[in-house]
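A.B. asks: Have a look at this prediction, sequence included:
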Amino acid sequence: MSGFSGDWLSAREPVDLRARNATVRDAFLTHLAVRKGCDPARPLVLLDLGAGTGATLRALAPHIMAPQAWRLAEHDPALLARARALIGEEQTHIEIVEADLAAGVPEALLEGIDGVTTSAFLDLVSAGWVSAFARQLAAHRLPFLAMLTYDGRLSLDPAAPLDASIREAMNAHQRGDKGFGAALGPQAADLTREVFQEAGFRVIEGRSDWEAEPDEQAFQSMLVDGWVEAARDMAADMAIDADALSRWHARRRGEIAARAFVTRVGHRDLAALPV
């Protein structure tokens with residue numbers, strides 16, 4: 001389902017780590033701490049959806065000042081293997097589960113869970129998926145932390161004439177089927193906020209924008225290559241000239257090689273807390 005390579009996830013992890021919104025994160029963790037106060041001897045148990053290689057765990061675990069256990073749910077066998085290698089077999093408090101989430105979150109995954117997290121996942125799913133998931137978490141009264149949801153904003157420095165067309169093509173491509181039906185793409189953050197508020201949650205939001213620096217060449221190269229691939233897929237619908245796209249790609253690759261390119265990509269974090 002995920003379609004993401006381990007190399008891409010490794011390259012983006014430091015950019016993700018800088019981008020994650022501390023205010024939203026801390027609102028979620030404070031809610032968990034209050035919840036844990038009812039049973040201080042028991043570890044917090046967190047479920048991470050679309051866990052990839054375990055980046056969410058690595059980002060959040062140092063900020064949880066309590067015993068904790070994790071259940072990582074991922075469908076891609078290659079990413080599962082990479083997660084096991086990175087985490088190590090000795091980590092008995094981490095359970096790695098192969099799970100297909102296309103039809104929703106299986107109830108068994110929520111057994112014994114105190115909170116649910118995800119990163120860079122909600123823009124892949126459909127409106128119906130998010131709505132059903134919000135109702136499911138409301139029934140269990142579980143808090144939810146969604147990080148790094150793409151919201152359609154893009155700023156490149158230096159600017160180039162084709163930038164707006166690239167962004168539009170990428171946003172259109174993001175709304176294709178990623179295994180869950182028509183993906184929300186850049187609409188995911190707004191719809192998730194609305195759906196969870198309607199389900200009775202208190203929602204805290206904040207920006208978590210990527211800002212890739214000139215020395216992050218591997219990440220920026222993969223990012224630009226992915227944009228060009230998406231633009232080529234959408235070229236007929238978006239009236240993008242193939243030669244102009246190739247020139248844009250060559251220019252950006254040259255700027256990356258010269259360490260003269262800064263990429264800013266809009267994301268948002270959201271904490272949905274039962275009241």
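C.D. replies: Right, received. Where do you want to start? Since we're looking at a predicted model, the values are computed, not measured.

A.B. asks: tell me which element Leu80 falls in.
C.D. replies: Using DSSP states H and E, Leu80 maps to helix 77-87.

A.B. asks: contacting residues around that helix?
C.D. replies: Contact with helix 77-87 is made by 2, 4-6, 9, 51-54, 57, 72, 74, 94, 96, 98, as judged by CB atoms under 8 Å, 6 or more residues apart in numbering. C-beta: built from backbone N, CA, C; applies to glycine.

A.B. asks: and if we set it to 7 Å?
C.D. replies: 2, 6, 51-54, 72, 74, 94, 96, 98 (CB atoms under 7 Å, 6 or more residues apart in numbering).

A.B. asks: Of those - the most surrounded one?
C.D. replies: The most crowded member of the contacts of helix 77-87, judged by other CB atoms under 10 Å, is Ala51 (29 neighbours).

A.B. asks: What sits closest to that one if chain neighbours are left out?
C.D. replies: Leu72 (3.7 Å; CB to CB, 6 or more residues apart in numbering).

A.B. asks: and if you look at Asp16?
C.D. replies: Spatial nearest neighbour of Asp16, excluding adjacent residues (CB to CB, 6+ apart): Leu148 at 5.8 Å.

A.B. asks: what residues are up against that neighbour?
C.D. replies: The neighbours of Leu148, taking CB under 7 Å, 6+ apart as the test, are 16, 19-20, 119-120, 208, 267, 269.

A.B. asks: ok, back up a step: out of the contacts of helix 77-87, list just those in helices.
C.D. replies: Taking DSSP state H, the ones among those that sit in helices are Gly6.

A.B. asks: nearest to Leu162, of the contacts of helix 77-87?
C.D. replies: Nearest to Leu162 among the contacts of helix 77-87: Ser2, at 28.8 Å, using CB to CB.

A.B. asks: Each with direction, which strands does the helix or strand hosting Leu270 pair with?
C.D. replies: Using DSSP H and E, the element containing Leu270 is strand 262-274. Strand pairing for strand 262-274, determined by DSSP bridges: strand 144-157 (antiparallel), strand 201-207 (antiparallel), strand 210-212 (antiparallel).

A.B. asks: just checking, next helix/strand downstream of the last one?
C.D. replies: Once strand 210-212 ends, the next helix or strand along the chain (criterion: DSSP H and E) is helix 217-238.

A.B. asks: Which secondary structure elements does that next one sit against?
C.D. replies: Applying 3 or more CB pairs under 7 Å, 6 or more residues apart in numbering; DSSP states H and E, one finds that helix 217-238 contacts helix 6-19, helix 163-174, helix 242-257.

A.B. asks: Single out the most deeply packed of these.
C.D. replies: Ranked by mean neighbour count, those are led by helix 163-174 with a mean of 19 (mean count of other CB atoms under 10 Å).

A.B. asks: Report pLDDT for the closest residue in space to Ile113 that isn't next to it in sequence.
C.D. replies: Among residues not flanking Ile113 along the chain, Leu47 sits closest, at 4.7 Å (CB to CB, 6+ apart). On the pLDDT scale, Leu47 is placed at 98.

A.B. asks: in stretch 71-85, what's buried?
C.D. replies: Neighbour-count burial for stretch 71-85, counted by 16 or more other CB atoms under 10 Å, picks out 71-76, 79-80, 82-84.

A.B. asks: brain fart, stretch 258-275
C.D. replies: Buried residues in stretch 258-275, counted by 16+ other CB under 10 Å: 261-263, 265-274.

A.B. asks: again, but for stretch 56-65
C.D. replies: 56-57, 59-60, 64.

A.B. asks: For it, give the mean pLDDT please.
C.D. replies: The average pLDDT within stretch 56-65 is 94.

A.B. asks: Stretch 122-137 now?
C.D. replies: The average pLDDT within stretch 122-137 is 97.

A.B. asks: which residues are contacting that stretch?
C.D. replies: For stretch 122-137, contacts defined as CB under 7 Å, 6+ apart pick out 104-105, 116, 144, 146, 149-150, 174, 178, 180-186, 188, 191-192, 195-196, 199.
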